[in-house]
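A.B. asks: The following block contains a protein sequence and its predicted model.
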Amino acid sequence: MTNANLRLILGAATALGLGAATQTFAQDSIYVPLLTYRTGPYAGSGIPIADGMRDYLTMLNERDGGIGGVRIDIEECETGYDTKKGLECYEQVKPKKPVVMNPWSTGLTLSIIPKASVDKIPILSMAYGLSAAARGNVFPWVFNPPATYWDGFSQMLEYIANKEGGGVEKLKGKKIGYIYLDAGFGREPLPLIEQLSKDFGFTPTLYPVAGTDMQNQSAQWLNVRRDRPDYMIMFGWGALNPTAIKEAVKINYPMDKFVSIWWVGEDDVKAAGDGAKGFRELNWHAVGAEFPALKDIQTRVVEKGKSQSPKEKVGSNLYNRGLYNGMLIAEAIVNAQKVTGRKVVNGEDVRRGLESLNVDEARLKQIGLEGFSGPVKLTCADHNGHFPTYVQRWDGEKFVKDSDWIKPMSAKVDPLLEADAKSYAEKNAPWPARTEACDNKS
Amino acid sequence: MFYREAGQFKATYAADQAVFPIRQDRIGLALILVAAYVAVPLLGGDFLLSSVMIPFLILSLAAIALNILTGYAGLVSLGTAGFMGAGAYAAYKLSTLFPQVNILVWIVVSGFASCAIGVLFGLPSLRIKGFYLTVATLASQFFLQWCFVRVSWLYNYNPSGAIEVPARALFGLAITGPSASPVTRYLIVLTIVVAMTWFASNLVHGRIGRSWMAIRDMDIAAQLIGIRLYPAKLLAFAVSSFYAGVAGAMMVFLWLGAAEPDAFNINLSFLLLFMVIIGGLGSLTGSFFGAALIHILPIAVRQAPASVGLTIGGATVEHLTYVITGAMIIVFLIVEPHGLARLLQIGKQKLRTWPFPY
């Protein structure tokens, strides 16, 4: 072999090797798009959530070099909480093979649920979206841990019963007001209210707030003053929350009897001033930055200028909500790597990872979130878990834990969920039957 | 030089009265149609088809609906989104009640449901005019949206309160639902929009369209030359809401795939009004221009930094999009208050005498 020939072969080999190397480099990351909304009417809630999700995943990249040695390719797409723009984002990120979608909007979730099984991208709609999606046998590609809105409503009733001395029979004869966003999200508990009020003997009074009237609730609260309900339950979002709390303060509604679902942030309560002291809200994770993982975020992400979040917002309620979502994404990927034995996982793998997700106390401690939240364990049949939540109280400065973990009234909620999942599949016939194999039968 | 009608002799009245009397225009239109039917599906990716072209065509049809009412008949309406919703909900109800009938039939038939509602709200149009009629249509917008939230029968008592699109097929090819390919959906939308635009063009260039324009320009004079105001106005409402209804049904079934009542909110009505004003009142071409400017321009602006390799945060891009789109709207309105369609007309006029203007 002449020298020239050898050189040629060597050159070709190097070129090939380089080509292969760049190719592996291109695939050597896991693409996680984050559909967020930092603009528009709901930006106040959207920004801390977006920051929390992003910062947790960025921290994993900075501290551990990604997940299992594979970097996470994070990309935000701005939806403005608008379904049309959200769909545009979905189409935009789809060719890049996302491993999981977090729509962060009920409307968008409903739009992409049928697409998930076709596009092979699992949907993680954390405690929002379609409640019936908890049924894994009907919705193998959709996950909504750790609790549904129906669970949340029953937990609030349980909390009220406990305050009255324990036992649901204490609810008898009570008048419970329900103020809600008059859209899919707020109307979802209505069938449950109808049934539970019959079962437990309480009188519900309804105060719907139209989406266009979120900042003008004087009429509703005038009615509250007239009806004098014993307790108020709120399902609000965006501007509805601060307005409702302000109005409640204005009519001197006792704050310790005002309980909300989990979407109220600190700023929403602060806006109502001192009168809001004692306001209650459901939650399933801790508030505050006193956790090793959050400290890592402070030192490795926020202080390095790699976050869009102001330092003092780290650890706030909705920031931690986003962080919890980020943790679920990361744990699903970890699990997918474990289940498949592959490092660079795709959407189908992450679906399996989510389905066998098991973040127990030990694992929480391992990832630096000990005591941050309760354990999460999903199964093929149950994509929600229906985990307990607790009630937190606003002490004027911050949220503090006010109750033990409260379990949902699964006996009451499950039949409704089952019926709803069945009717969804019927109405959307021909709904594809589950063909995906199950990794953990337990 | 190229755009000149010298040598094109018209031997019949029909040729002289044609919508496109100049041969170059007809060739241009044919080229656009070929591009839309062949080039776009062949060369465009999924993103272009499902996030740019399908919404653009559907919004164009909705803009045509509003243009018939506002641009041709002079009745300013803020209820277009409500009528679109009426069409969408009608199509949903019909397709779930009678799943045997093809969905395309229901998409077109749902226009009639919207049409009936449109006529109902058009009833006061003889007595009230101008701003007062606008307020009446605004009432229809709020009333219809209220119905979409409150009347559970409309969304089959779904706890989510939204309407979902069942998967339906035509000759074994999925046309709605998740497995429908963007190309299929695009071609269906394109065909419906082209057919309805052609119909609208014949309508507005004929006796009916002329009577609408006469009413728009001066209703008393129109009455004096023998146009019956009430039937003509009601017809404008009927045709307009029929078009809006079909556009709404297509929006849910062929674009969004599911819809909350919020999809048909007042913002959409305003957006359509802007499209009509910017595109050109009383021009079908203008409706397409307006939809392109309002829908495609923001997407282009959003994609621009990424395509030249800049990484800017999503929120910043979004804010920039608002600023740039807003600025361009103002610029267009200052440069040509009669809309983009007028700009095209001026351009053509200039082109006719180019390169030797006189």
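C.D. replies: It's in. Numbering: from 1, shown residues only, chains lettered A, B, ... in the order given.

A.B. asks: make it CA atoms for all contacts and neighbour counts henceforth
C.D. replies: OK.

A.B. asks: Leaving out the residues flanking it, which one is nearest to the one residue in the stretch 251-358 of chain B that gets nearest to chain A?
C.D. replies: Per C-alpha to the nearest C-alpha, residue B:258 is where the stretch 251-358 of chain B lies closest to chain A, at 4.8 Å. Excluding the flanking residues, the one nearest residue B:258 by C-alpha to C-alpha, 6 or more residues apart in numbering or on different chains is residue B:164, at 4.3 Å.

A.B. asks: For that neighbour, give me its contacts.
C.D. replies: Contact analysis of residue B:164 by C-alpha atoms under 8 Å, 6 or more residues apart in numbering or on different chains lists A:110-111, A:428, B:92, B:257-259.

A.B. asks: Among the residues you listed, which lie within strands?
C.D. replies: The strands, defined by DSSP state E, take in B:258-259 from the contacts of residue B:164.

A.B. asks: so which of the contacts of residue B:164 is the most crowded?
C.D. replies: Among the contacts of residue B:164, the one with the most neighbours (other C-alpha atoms under 10 Å in any protein chain shown) is residue A:111, at 28 neighbours.

A.B. asks: Could you find the closest non-adjacent residue to that residue?
C.D. replies: Of all residues not flanking residue A:111 in the chain, residue B:258 sits nearest, at 4.8 Å (C-alpha to C-alpha, 6+ apart).

A.B. asks: how close does residue B:261 get to residue B:88?
C.D. replies: Per C-alpha to C-alpha, to the nearest Å, residue B:261 is found 10 Å from residue B:88.

A.B. asks: Neighbour count for the two, which is higher?
C.D. replies: Using other C-alpha under 10 Å as the criterion, residue B:261 and residue B:88 rank with residue B:88 on top: 31 against 23.

A.B. asks: Verify the stated contact: that one with residue B:245.
C.D. replies: Yes: here residue B:88 reaches residue B:245: they are 6.6 Å apart, a contact under C-alpha atoms under 8 Å.

A.B. asks: where do the contact lists of the two overlap?
C.D. replies: What both residue B:88 and residue B:245 touch, as defined by C-alpha under 8 Å, 6+ apart, is the set residue B:110.

A.B. asks: Next one: residue A:380 from chain B, what distance?
C.D. replies: As judged by C-alpha to the nearest C-alpha, to the nearest Å, residue A:380 and chain B stand 23 Å apart.

A.B. asks: what number of residues lie near that residue?
C.D. replies: If we define neighbours as other C-alpha under 10 Å, then residue A:380 has 24 of them.

A.B. asks: Counting neighbours, which bits of stretch A:341-360 end up buried?
C.D. replies: A:343-359 (16 or more other C-alpha atoms under 10 Å in any protein chain shown).

A.B. asks: Check stretch B:121-140 too.
C.D. replies: Buried residues in stretch B:121-140 (16+ other C-alpha under 10 Å): B:121-122, B:124-125, B:133-140.

A.B. asks: quick one: average confidence on that stretch?
C.D. replies: In this model, stretch B:121-140 has an average pLDDT of 89.

A.B. asks: Mind telling me what element the nearest residue to residue A:402 once chain neighbours are set aside is part of?
C.D. replies: Excluding its sequence neighbours, the residue lying closest to residue A:402 (C-alpha to C-alpha, 6+ apart) is residue A:392, at 4.9 Å. Using DSSP states H and E, residue A:392 maps to strand A:390-394.

A.B. asks: what residues does the following helix or strand past that strand touch?
C.D. replies: The helix or strand immediately downstream of strand A:390-394 is strand A:399-401, counting by DSSP H and E. Contact with strand A:399-401 is made by A:266, A:287, A:390-394, as judged by C-alpha under 8 Å, 6+ apart.

A.B. asks: Give the PyMOL command for selecting the buried subset of the residues you listed.
C.D. replies: The buried residues among the contacts of strand A:399-401 can be selected in PyMOL (16+ other C-alpha under 10 Å) with this line:
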select buried, chain A and resi 266+287+390+391+392+393+394
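
A.B. asks: Rebuild the contacts of strand A:399-401 as TSV, extending it with pLDDT.
C.D. replies: Output for the contacts of strand A:399-401, formatted as TSV (pLDDT from 0 to 100):
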residue	pLDDT
A:266	90
A:287	92
A:390	93
A:391	94
A:392	94
A:393	94
A:394	93
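
A.B. asks: Now flag whichever of the contacts of strand A:399-401 is closest to chain B.
C.D. replies: Among these, and counting by C-alpha to the nearest C-alpha, the member closest to chain B is residue A:266, at 22.3 Å.

A.B. asks: got the contact list for the closest one?
C.D. replies: A:316-317, A:398-399.

A.B. asks: Can you list the buried residues in the strand or helix carrying residue A:322?
C.D. replies: Assigned by DSSP H and E, residue A:322 belongs to helix A:317-340. By neighbour count with 16+ other C-alpha under 10 Å, helix A:317-340 contains the buried residues A:317-337.

A.B. asks: Stretch B:105-112 too?
C.D. replies: Within stretch B:105-112, judged by 16+ other C-alpha under 10 Å, the buried ones are B:106-112.

A.B. asks: Using CSV, lay out these together with secondary structure and pLDDT.
C.D. replies: Formatted as CSV, the buried residues of stretch B:105-112 follow (DSSP: H, G, I helix; E, B strand; the rest coil; pLDDT from 0 to 100):
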residue, secondary structure, pLDDT
B:106, helix, 94
B:107, helix, 93
B:108, helix, 93
B:109, helix, 95
B:110, helix, 95
B:111, helix, 95
B:112, helix, 96
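
A.B. asks: mind putting those in TSV, distance to chain A included?
C.D. replies: Converted to TSV, these look like this (distance: C-alpha to the nearest C-alpha, whole Å):
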residue	distance to chain A
B:106	16
B:107	17
B:108	21
B:109	21
B:110	19
B:111	22
B:112	24
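
A.B. asks: Out of the residues you listed, which is nearest to residue B:63?
C.D. replies: residue B:111 (15.0 Å; C-alpha to C-alpha).

A.B. asks: could I have the helix ranked longest in chain B exported to PDB, CA atoms only?
C.D. replies: Scanning chain B for the helix with the most residues, using DSSP state H, yields helix B:182-205. Output in PDB follows, covering the C-alpha atoms of helix B:182-205 (Å, rounded to 0.1, in the frame of the first residue of the first chain):
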ATOM      1  CA  PRO B 182     -52.300  18.000   7.700                       C
ATOM      2  CA  VAL B 183     -52.300  17.700   3.900                       C
ATOM      3  CA  THR B 184     -55.800  16.200   3.900                       C
ATOM      4  CA  ARG B 185     -57.100  18.800   6.200                       C
ATOM      5  CA  TYR B 186     -55.500  21.500   4.200                       C
ATOM      6  CA  LEU B 187     -56.900  20.400   0.900                       C
ATOM      7  CA  ILE B 188     -60.400  20.100   2.300                       C
ATOM      8  CA  VAL B 189     -60.200  23.600   3.900                       C
ATOM      9  CA  LEU B 190     -58.700  25.000   0.700                       C
ATOM     10  CA  THR B 191     -61.500  23.500  -1.500                       C
ATOM     11  CA  ILE B 192     -64.300  24.800   0.800                       C
ATOM     12  CA  VAL B 193     -62.700  28.200   1.000                       C
ATOM     13  CA  VAL B 194     -62.100  28.400  -2.800                       C
ATOM     14  CA  ALA B 195     -65.600  27.300  -3.600                       C
ATOM     15  CA  MET B 196     -67.200  29.700  -1.100                       C
ATOM     16  CA  THR B 197     -65.000  32.600  -2.200                       C
ATOM     17  CA  TRP B 198     -66.100  32.000  -5.800                       C
ATOM     18  CA  PHE B 199     -69.700  32.000  -4.700                       C
ATOM     19  CA  ALA B 200     -69.200  35.200  -2.700                       C
ATOM     20  CA  SER B 201     -67.500  36.800  -5.700                       C
ATOM     21  CA  ASN B 202     -70.500  36.000  -7.900                       C
ATOM     22  CA  LEU B 203     -72.800  37.300  -5.200                       C
ATOM     23  CA  VAL B 204     -71.100  40.600  -4.600                       C
ATOM     24  CA  HIS B 205     -70.600  41.300  -8.300                       C
END
